[in-house]
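Student: Need coordinates for the below:
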Amino acid sequence: MLLNLALIAGAWLAVSLSTMHRRSISQQLAAAFGGAAGSQIGALAPNLVVSAIGAILPATTKLLTQMEAWPPATRARHNLWRLYLGKILNLVIVVALNVELLA
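Tutor: Take a look at the predicted model:
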């Protein structure tokens, strides 16, 4: 359970950092890839991080709960709350950071 919670916390950290440092990521990628392509990729960095987390988290969560050897009903409950923490609250963090950065 702790490994899954650490994964979720790492996902929140990645989303937060990519949102707060969007400009510097964009500038570094523009320098690395040259011009407009790098800056466009950098501007999309928070969205790419959320998409990557959304793709990786469900499979990892299901694998970890299966390895923990919970009974099927308990495994389903654990999958539910862990995926809720990981996916829904990621979006809440992105929205909160974007609203804060707009103000």
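
Student: so how far is A30 from N79?
Tutor: For N79, the distance to A30 (C-beta to C-beta, to the nearest Å) stands at 40 Å. Yep, even glycine has a C-beta here, placed from its N, CA and C like the rest.

Student: Can you point out the buried residues in the lowest-mean-pLDDT helix or strand in the chain?
Tutor: Taking mean pLDDT, DSSP states H and E as the measure, the chain has helix 36-43 as its least confident helix or strand, at a mean of 77. Buried residues in helix 36-43, counted by 16 or more other C-beta atoms under 10 Å: 38-39, 41-42.

Student: Now that we have those residues, can you turn them into JSON lines and tack on distance to I25?
Tutor: As requested, the buried residues of helix 36-43 are exported to JSON lines (distance: C-beta to C-beta, whole Å):
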{"residue": "G38", "distance to I25": "10"}
{"residue": "S39", "distance to I25": "10"}
{"residue": "I41", "distance to I25": "9"}
{"residue": "G42", "distance to I25": "4"}
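
Student: In the residues you listed, find the pair that's most separated.
Tutor: Largest separation among the buried residues of helix 36-43 by C-beta to C-beta: S39 and I41, giving 7.4 Å.
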